[in-house]
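In: please work out how this folds:
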Amino acid sequence: MFRSVATIDKPEFVNLQPLDLNPLMSSCEIKVFYLGKNRNRSYISKDVALEMAKNLRGAPIVGYYKEEEEDFSDHGKRMIIDDEGIKFECKTIPYGFVSPDAKVWFKKFLETDDFGNEVEREYLMTTGYLWTGQFKECADVNTNGKPQSMELDEESLVGHWSADQNGEMEFFIVDDAIISKLCILGDDVPPCFEGASITDNQVSANFSLDEGFSKTLFSMMQDLKAVLEGGQKMEQSSVIENQDVEAAVAETSLDNINEAANTDFQKEVETSDVQKDNSTEFEKKEEVENEPKDDDKEEDGNNEEDKKKEYSLLKEERDALKAENDTLKANYSALEESVKQLTAFKEAIENEKKDELIAKFYMLSDEDKKDVIDNKVNYSYEEIESKLAVICFKKKINFDKEDENDTYEKAATTFNLNEDVEVPEWIAAVRRNRKKNLK
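Out: Numbering: from 1, shown residues only. Now for the predicted structure:
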């Protein structure tokens, strides 16, 4: 029988980088569900959603794809009745997963309900991966997006029925649940939560670059701090929040670096001077007490030689540390400048997009848009769009009428009826008929 026993040697780990991933999969963004009542007569509060979010990472993304329809279907569950009794079969297969380190957040969206009313809904969102290289049907999910419906683990589902405030319709209030799957649906299959979907990165694309850069900056700051504190490298948390990054950057600012470097250098010099003074006092004390013998002189000579070597090594170590510190300070300065340039570039791009968005709402007066214009830097692109859309809705602006007027104005053409100017054929025919009638 084959046996394999691990040896006592330490394992040799491969130094993988965060972006060392399988190239046959693609990242995606998922709107899981929204808070409050939904059309399957259930209700999920934000407190319950926060608890459910803790178990969302690692959940599989499944689907039931029908080749004959060239699209995904529903949850793929069917009941089979045969001579053995009744059993249920699930035809969905895994197409991806929510990554173990995925970001999970809440985001508000303006949507239209089944009655044509505009409503604001707050969704629980996350990111995941689809095996687009293995399953070609996944490519359409990322490119065009697909509806999505979550499945809850029946054994962990806890809740109770309760009537609404009018006492007419009952809703199932979810008190606790574990999301077992996220199911891709076909375009003709309406999800329970109308806007729930799986798409490419849209909302998360706005912060993924900043997050990666912040993590890199945080790592470099920690390494720099470790060198200045004596080579003791600090442990880095597997999850780094923005406030940790800001704290690390603030703690290792350029002024603090210079102060720490000068302090360390001064300590080394003082240590060397103390050792030198102690050595001098020791020699004077020996001379006062007695005249050393030949053997003592030889031993003292050896000690003096060892002290010189030790001092020389200490000086070399100090010089090396100072050179390393100078290099780190230069790298930090370059990195700090890069951060400023990237931040300025990003803000300029965002402001340009926001200005274009505000200009599209030309039907609103400057007074209507004053709050948005004054707080353009503080509001996100989506918040600006949402606020202006709400203002238009409250003012009952008829967009269809605006579009018709625009179309008419663009289609309108001015013609000169002078004969020396080239005119359309139908106008020339009118002229010819007019001349005949005059004759």
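In: care to break the protein down by domain?
Out: 26-203, 208-355, 361-397 (automatic domain parsing).
In: any idea which of those scores lowest on pLDDT?
Out: Comparing mean pLDDT across the domains of the chain, the weakest is domain 208-355, with a mean of 64.
In: Glu118 contacts Cys392, correct?
Out: No: Glu118 lies out of contact with Cys392 (Cβ atoms under 8 Å); the separation is 10.1 Å. C-betas here are computed from N, CA, C, even on glycine.
In: who's in contact with the residue lying closest to Ser73 once chain neighbours are set aside?
Out: Of all residues not flanking Ser73 in the chain, Tyr64 sits nearest, at 4.7 Å (Cβ to Cβ, 6 or more residues apart in numbering). For Tyr64, the contact set (Cβ atoms under 8 Å, 6 or more residues apart in numbering) comprises Phe72, Ser73, Asp74, His75, Gly76, Lys91, Thr92, Ile93, Cys183.
In: check Asp140 too.
Out: Here Asp140 is in contact with Lys146 (Cβ under 8 Å, 6+ apart).
In: look up how far Val203 lies from the residue nearest to Ser73.
Out: Noted for Tyr64: a distance of 27 Å to Val203, by Cβ to Cβ, to the nearest Å.
In: that older thread, looking at the contacts of Tyr64, which has the most residues close by?
Out: Cys183 (27 neighbours; other Cβ atoms under 10 Å).
In: beyond whichever strand or helix holds that one, next helix or strand please.
Out: Assigned by DSSP states H and E, Cys183 belongs to strand 179-184. Next helix or strand after strand 179-184 toward the C-terminus (DSSP H and E): strand 197-199.
In: which of the helices or strands spans Lys322?
Out: helix 294-360.
In: report the buried residues of the strand ranked longest in the chain.
Out: The single longest strand within the chain, with elements called by DSSP state E, is strand 118-130. Using 16 or more other Cβ atoms under 10 Å as the test for burial, strand 118-130 gives Arg121, Tyr123, Leu124, Met125, Thr126, Thr127, Gly128, Tyr129, Leu130.
In: what packs against it?
Out: With contacts taken as 3 or more Cβ pairs under 8 Å, 6 or more residues apart in numbering; DSSP states H and E, strand 118-130 sits against strand 26-34, helix 46-53, strand 93-97, strand 104-112, helix 137-144, helix 381-394.
In: what residues are up against Tyr379?
Out: Counting by Cβ under 8 Å, 6+ apart, Tyr379 touches Lys354, Val372, Lys387.
In: where does it fall, helix, sheet strand or coil?
Out: coil (DSSP: H, G, I helix; E, B strand; the rest coil).
In: give me the distance between it and Lys387.
Out: Using Cβ to Cβ, Tyr379 is found at 7 Å from Lys387.
In: if I look at those two, which residues touch both of them?
Out: Val372.
In: for Leu185, what are its contacts?
Out: Gly63, Phe72, Ser73, Asp74, Lys146, Pro147, Gln148, Ser149, Pro191.
In: so how far is Gln202 from Leu388?
Out: In terms of Cβ to Cβ, Leu388 sits 19 Å off from Gln202.
In: quick one: which of the two has more around it?
Out: Under the neighbour definition other Cβ under 10 Å, Leu388 and Gln202 were set side by side, and Leu388 has more, 20 against 14.
In: thinking again about what came up before, sheet partners, orientation included, of the longest strand of the chain?
Out: strand 26-34 (antiparallel), strand 93-97 (antiparallel), strand 104-112 (antiparallel) (DSSP bridges).
In: in JSON lines, list those along with distance to Lys346.
Out: Formatted as JSON lines, the strands paired with strand 118-130 follow (distance: least, Cβ to Cβ, whole Å):
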{"stretch": "strand 26-34", "distance to Lys346": "20"}
{"stretch": "strand 93-97", "distance to Lys346": "30"}
{"stretch": "strand 104-112", "distance to Lys346": "20"}
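In: highest mean neighbour count out of those?
Out: Most buried of these, by mean neighbour count (mean count of other Cβ atoms under 10 Å): strand 26-34, with a mean of 24.
In: let me see the contact set for the nearest residue to Ser162 once chain neighbours are set aside.
Out: Distances taken as Cβ to Cβ, 6+ apart place Ile173 nearest to Ser162, at 5.3 Å, with adjacent residues excluded. Contacts here follow Cβ under 8 Å, 6+ apart; on that basis Ile173 touches Ser42, Tyr43, Gly159, His160, Trp161, Ser162.
In: the nearest residue to Ala163 once chain neighbours are set aside: neighbour count?
Out: Nearest non-adjacent residue to Ala163, counting by Cβ to Cβ, 6+ apart: Glu170, 5.3 Å away. By other Cβ under 10 Å, 11 other residues sit near Glu170.
In: gap between Glu170 and Asn142?
Out: 39 Å.
In: kindly report the same for Asn201.
Out: 9 Å.
In: can you check Glu155 too?
Out: For Glu155, the distance to Asn142 - Cβ to Cβ - is 32 Å.
In: quick one, what contacts the closest residue in space to Phe135 that isn't next to it in sequence?
Out: Closest residue in space to Phe135, ignoring its immediate chain neighbours: Tyr95 at 5.7 Å, by Cβ to Cβ, 6+ apart. With contacts defined as Cβ under 8 Å, 6+ apart, Tyr95 is in contact with Ile61, Val62, Gly63, Leu130, Trp131, Phe135, Glu137, Cys138, Val141, Ile184.
In: now a ChimeraX select for only the buried ones of those.
Out: To isolate the buried members of those in ChimeraX, using 16+ other Cβ under 10 Å:
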select :61,62,63,130,131,135,137,138,141,184
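In: residues contacting the strand holding Cys183, please?
Out: 30, 32, 52, 55-56, 59-64, 72, 75-76, 92, 95, 98, 128, 141, 146-153, 198.
In: same deal with stretch 150-157?
Out: Here stretch 150-157 has contacts from 32-33, 75, 174, 176-183, 196, using Cβ under 8 Å, 6+ apart.
In: and that stretch, C-alpha only, in PDB?
Out: Output of stretch 150-157 as PDB, limited to C-alpha atoms (Å, rounded to 0.1, in the frame of the first residue of the first chain):
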ATOM      1  CA  MET A 150     -29.800  34.300  -3.500                       C
ATOM      2  CA  GLU A 151     -30.600  30.900  -1.800                       C
ATOM      3  CA  LEU A 152     -30.900  30.700   2.000                       C
ATOM      4  CA  ASP A 153     -29.900  27.600   4.000                       C
ATOM      5  CA  GLU A 154     -33.100  26.200   5.300                       C
ATOM      6  CA  GLU A 155     -31.700  24.700   8.500                       C
ATOM      7  CA  SER A 156     -30.200  28.100   9.600                       C
ATOM      8  CA  LEU A 157     -33.300  30.200   8.500                       C
END
